[in-house]
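Engineer: For reference, the sequence and a predicted model appear below.
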Amino acid sequence: MIKITSKHFEVTESIRERIETRLGKLARHDVQLINPHVIIEQEKQGFKIEASVGIPSAKLFAQAKHDDLYAAINAMGQKLEKQLNRLTHKPESQRHAALKVEDDAIDDDFDDNLEEEYAA
């Protein structure tokens, strides 16, 4: 259940549905969302929306401002998705671990070739 708090603003059912569907897109990463909380503020220039979502390994936070509330919700959702994507793919992107595995494989092949040449 998503907790939605608003300051100087009434949250309608359509806004609630938009926020729930936007945060529902985070489920594509197969990560459990822990205590998602969204804060909506109406300011003079437009809307400010903040979201904090806990996941088992970290905590995500995103903030967006825009004249249109729905555009601010989309921007906030994109920022959360980017953070979650970065966290879920972090082990794959560590180059030093991948390079070490490749170096070990190259060294093993090199030793085998030398032994065959001298044995013949």
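Structural biologist: Looks like it came in fine.

Engineer: State the pLDDT value of Leu114.
Structural biologist: Confidence at Leu114, expressed as pLDDT, is 56.

Engineer: how about low-confidence regions in this protein?
Structural biologist: Applying pLDDT under 70 to the chain flags the ranges 95-120.

Engineer: Tell me where it has strands.
Structural biologist: 3-7, 34-42, 47-55, 58-66 (DSSP state E).

Engineer: now the helices: where do they sit in the chain?
Structural biologist: Taking DSSP state H, the helices of the chain run over residues 13-24, 69-88, 95-119.

Engineer: So for this protein, the centremost residue is which one?
Structural biologist: Centroid-nearest residue in the chain: Leu84, 1.3 Å away (criterion: CA atoms, centre = their mean).

Engineer: Which residues are in contact with that one?
Structural biologist: 26, 29, 31, 55, 60 (CB atoms under 8 Å, 6 or more residues apart in numbering). (C-beta placed from N, C-alpha, C; glycine too.)

Engineer: Does the last one touch His37 like I think?
Structural biologist: No. The pair Leu60 and His37 fails to qualify as a contact (CB atoms under 8 Å) at a distance of 11.0 Å.

Engineer: Please enumerate the shared neighbours of those two.
Structural biologist: With CB under 8 Å, 6+ apart, Leu60 and His37 have common neighbours 51-53.

Engineer: still on that earlier bit, can I get the strands of the chain in JSON lines with mean neighbour count and distance to Glu17?
Structural biologist: JSON lines is the format used below for the strands of the chain (neighbours: other CB atoms under 10 Å; distance: least, CB to CB, whole Å):
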{"stretch": "strand 3-7", "mean neighbour count": "13", "distance to Glu17": "11"}
{"stretch": "strand 34-42", "mean neighbour count": "16", "distance to Glu17": "13"}
{"stretch": "strand 47-55", "mean neighbour count": "19", "distance to Glu17": "15"}
{"stretch": "strand 58-66", "mean neighbour count": "16", "distance to Glu17": "18"}
